[in-house]
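J.: prediction below, plus the sequence it came from.
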Amino acid sequence: MTNISNRIYLNVSLVIVFTPALVGLYAVNHHYSGLSQAMFTLSAVCLGLSTTIFTLLKAFKHGIPVLLFILRSLNQIFSPMALYLSQSTLLGPVLSIMIRVFFFVGFIILLMSDQCMRGIVGRCVGKHSTKRNLTIINAMHTDFSFSDHTLPHTERLETKEHTDLHTKTMTNKEQSISATDMPKIPHYSLSLAYTLSVASKLVYEDIEVIKYELEKYGFDVQCTFRPIAYQNICAFIIEKENDIILVFRGTNPLNIQNYLTNINIGMGAVEAPWGPMGKVHKGYWSAMGDPLPCNHNTQLNDLSLKTRVQIELTNTSVYQTVLTTCIATAKVFRFFIYNLFYHVKEPIDSTWLGPEVDIRSHSMYSQAEHYIMELVQSTGINDENGVTKESRDVHGCHESQKEKRLFITGHSLGGALATS
């Protein structure tokens, strides 16, 4: 049966190969040079494809048994070792710790490589106006202008009214071009889409660069800018004249944890106080973090107890001095060992907000929700010094009672988080 199949394949291949070749010979005899070259080229391509397909099929047919034999042999060799390590109380944990340490070291090396590559890129394309090095993502295009001279200029993010007014004032020729070029989305704003795309690009940079570029475009950086982060996910929130923008950072090419988030394609259940809400991409949901429970203050207190250690030393007597010192030393040692292994087990990139900021305890969801609701509902927004927006109006912050809009954007991983 195999020989018959091979003969059929060979005959069909020869017919396909020689048909354009014969046409090419006919074209040569009648001096059609262009047609003859095309036919001979087609014949050569068909010959190459048929030979390649036949070779791959034979390699697959005879290679699968060999591959299965190798896998079975490896399974017989490593299965007893894996079983022994899983039951061992010493070697198994030690091997697991070694693997996690190697992963952590690789994680740190890649993050350090990011800073080194920024320095190299900075020598090639120059530094930003803030004297900061740009990321490798934006090195090829260092322009962060939120407006395009080819688009209609607007003083604020374009609304439905602006779009309708611009459509009415366009000529018939411009309307026909716009109808074919712009996506068929209700109330689609090209200038707004451009602004959000630039914001998605800007979020990869350092906070100083982001604030500088946002201020140039007229965003209320002093009063409303808020960078947020949770583990290895970064974002910022900004407002401009009642338009609130939440921008998520996409995949960092040198952050392994971002790739693990992307490939964690299992389905995770989402629960709400009123019941289940279905299932979503487990990696993205874990990256966002579950919302904090209703008892918000209790949760924050519990988290603060886990991230801080209180030590009391007493020198009222020799006994108390020795006792409290030993207790304090034990607490410090336990705190050091536990948190060292905790950070090695779940490494995070704290370079964006700084190592002093806790980016493990409060989920991205809860941070974004809390600050967005604060911007939407409150007329006065308190900063880190407790100064309200009413008192800051003297310094240039203007209140408005108009209805506010929320835009969420980002690309790559950021786009996935924006839609989750």
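T.: Noted; the coordinates are in hand. All figures in this text were calculated on a predicted structure; none of them were measured in a lab. Residues are numbered from 1 along each chain as shown.
J.: all helices for the stretch 101-250 of the chain, in order.
T.: Counting by DSSP state H, counting those that start in this stretch, the stretch 101-250 of the chain has helices at residues 160-169, 172-181, 190-202, 207-217, 221-224.
J.: wait, what's in contact with the nearest residue to Ser363 once chain neighbours are set aside?
T.: Leaving aside its chain neighbours, Ser363 sits nearest to Gly289 (2.4 Å; criterion: C-beta to C-beta, 6 or more residues apart in numbering). Just so you know, the C-beta spots here come from the backbone N, C-alpha and C atoms, and that holds for glycine as well. Under the criterion of C-beta atoms under 8 Å, 6 or more residues apart in numbering, the contact list for Gly289 reads Tyr230, Gln231, His362, Ser363, Met364, Tyr365, Ser366.
J.: could those be laid out in CSV, adding distance to Arg308 and secondary structure?
T.: Shown next, in CSV, are the contacts of Gly289 (distance: C-beta to C-beta, whole Å; DSSP: H, G, I helix; E, B strand; the rest coil):
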residue, distance to Arg308, secondary structure
Tyr230, 19, strand
Gln231, 19, coil
His362, 15, coil
Ser363, 20, coil
Met364, 22, helix
Tyr365, 24, helix
Ser366, 20, helix
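J.: and the two most separated of those?
T.: Pairwise distances across the contacts of Gly289 (C-beta to C-beta) peak at 13.1 Å, for the pair Gln231 and Ser366.
J.: test my guess that Glu205 contacts Thr135.
T.: Yes. At 6.0 Å, Glu205 and Thr135 qualify as touching, with contact defined as C-beta atoms under 8 Å.
J.: with neighbour numbers in mind, choose between the two.
T.: Between Glu205 and Thr135, Glu205 has the larger neighbour count (other C-beta atoms under 10 Å), namely 23 against 19.
J.: on the pLDDT front, check that one for me.
T.: Listed pLDDT for Glu205 reads 90.
J.: I'd like to know how far it sits from Lys211.
T.: Computed as C-beta to C-beta, to the nearest Å, the Glu205 to Lys211 distance reads 10 Å.
J.: how about Leu254?
T.: Remark: distance between Leu254 and Lys211 (C-beta to C-beta) = 23 Å.
J.: low-confidence stretches in this structure?
T.: Scanning the chain for pLDDT under 70 picks out 1-2, 151-188, 291-307, 378-402, 420.
J.: how far off centre is the lengthiest helix in it?
T.: The longest helix of the chain (DSSP state H) is helix 33-87. With C-alpha atoms, centre = their mean, to the nearest Å as the basis, helix 33-87 stands 34 Å off its chain's centre.
J.: likewise for stretch 99-112?
T.: 19 Å.
J.: what residues of it count as buried?
T.: Phe104, Phe107, Leu111 (16 or more other C-beta atoms under 10 Å).
J.: and for Gly354, the neighbour number?
T.: For Gly354, using other C-beta under 10 Å, the count is 10.
J.: please report how far it lies from Arg249.
T.: Separation of Gly354 from Arg249 (C-beta to C-beta): 16 Å.
J.: one more: Thr55?
T.: In this view, Thr55 and Arg249 are 46 Å apart by C-beta to C-beta.
J.: compare neighbour counts for these two and give me the winner.
T.: Neighbour totals were compared for Thr55 and Arg249, and Arg249 leads with 26 against 10 (other C-beta under 10 Å).
J.: what is the longest helix of the chain packed up against?
T.: Applying 3 or more C-beta pairs under 8 Å, 6 or more residues apart in numbering; DSSP states H and E, we find helix 33-87 packed against helix 2-29, helix 91-125.
J.: now render those as JSON lines, adding distance to Lys345.
T.: What follows is the helices and strands packed on helix 33-87, written out as JSON lines (distance: least, C-beta to C-beta, whole Å):
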{"stretch": "helix 2-29", "distance to Lys345": "54"}
{"stretch": "helix 91-125", "distance to Lys345": "6"}
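J.: closest to Thr150 out of the ones you listed?
T.: Closest among the helices and strands packed on helix 33-87, using C-beta to C-beta: helix 91-125, at 24.2 Å.
J.: who's in contact with Lys127?
T.: Contacts of Lys127 by C-beta under 8 Å, 6+ apart are Asn133, Leu134.
J.: next, it: phi, psi?
T.: Backbone torsions of Lys127, given as degrees, to the nearest 10, read phi -90, psi 170.
J.: quick check: Leu417 touching Gly283?
T.: No. Using C-beta under 8 Å, Leu417 is not in contact with Gly283; the gap is 10.2 Å.
J.: pick out whichever of these two has more residues nearby.
T.: Set Leu417 next to Gly283 and count neighbours by other C-beta under 10 Å: Leu417 wins out with 25 against 21.
J.: quick one: the residue lying closest to that one once chain neighbours are set aside and Cys234, what's the gap?
T.: In space, Leu417 comes closest to Phe248 once its chain neighbours are excluded; the distance is 4.4 Å by C-beta to C-beta, 6+ apart. Taking C-beta to C-beta as the measure, Phe248 falls 8 Å from Cys234.
J.: need the overlap of contacts for the two.
T.: What both Phe248 and Cys234 touch, as defined by C-beta under 8 Å, 6+ apart, is the set Val203.
J.: ok, those two, which is more surrounded?
T.: Phe248 (28 against 25).
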